[in-house]
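Engineer: sequence-free structure coming up:
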């Protein structure tokens, strides 16, 4: 249900059904696993920000146009990864209320 994404540097959920179609236990497992992965995102973002800062420092001292373009491209890609990580960080599934009620009444 989770797959490591090389670009992002984290495992992300790969859901093959609609969230409400998962049993309560499956939802809880996915949520627990996701919270563990989600908790690593701020550290991953800090790591990428450090890389951006290093590349910006190199860019400030770079005189060759081609190298400057390459550094800008790398900085843009790192910023894009950070943006995607923030989107994933904000993704928090909830236990489906219907499943929770069925569990209570079982």
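Structural biologist: Sure, I can see it. What you are looking at is a predicted structure, and each value in this text was computed from that prediction instead of being measured.

Engineer: can you tell me the distance between the two ends of stretch 2-15?
Structural biologist: One end of stretch 2-15 sits 8 Å from the other (Cα to Cα, to the nearest Å).

Engineer: which residues touch it?
Structural biologist: Under the criterion Cβ atoms under 8 Å, 6 or more residues apart in numbering, residues 1, 22, 30, 33-34, 37, 40-41, 44, 47, 81, 84-85, 88 lie in contact with stretch 2-15. C-beta here means a position set from N, CA and C on the backbone, and glycine is covered the same way.

Engineer: would you check that residue 56 makes contact with residue 76?
Structural biologist: No - Residue 56 lies out of contact with residue 76 (Cβ atoms under 8 Å); the separation is 11.6 Å.

Engineer: for residue 13, see how far away residue 91 is.
Structural biologist: Distance, residue 91 to residue 13, using Cβ to Cβ, to the nearest Å: 8 Å.

Engineer: need the residues touching each of these two.
Structural biologist: residue 34.

Engineer: neighbour count: those two, which is higher?
Structural biologist: Remark: of residue 91 and residue 13, residue 13 carries more neighbours, 16 against 10, as counted by other Cβ atoms under 10 Å.

Engineer: please name the residues that touch the residue minimising distance to the centre of the chain.
Structural biologist: The centre of the chain sits closest to residue 85, judged by Cα atoms, centre = their mean, with a distance of 3.6 Å. Each residue near residue 85 by Cβ under 8 Å, 6+ apart is listed here: 8, 10, 41, 44-45, 48.

Engineer: and it, which of the three is it?
Structural biologist: Under DSSP: H, G, I helix; E, B strand; the rest coil, residue 85 falls in the helix class.

Engineer: and the gap between it and residue 69?
Structural biologist: Distance from residue 85 to residue 69, counting by Cβ to Cβ: 25 Å.

Engineer: thank you, goodbye.
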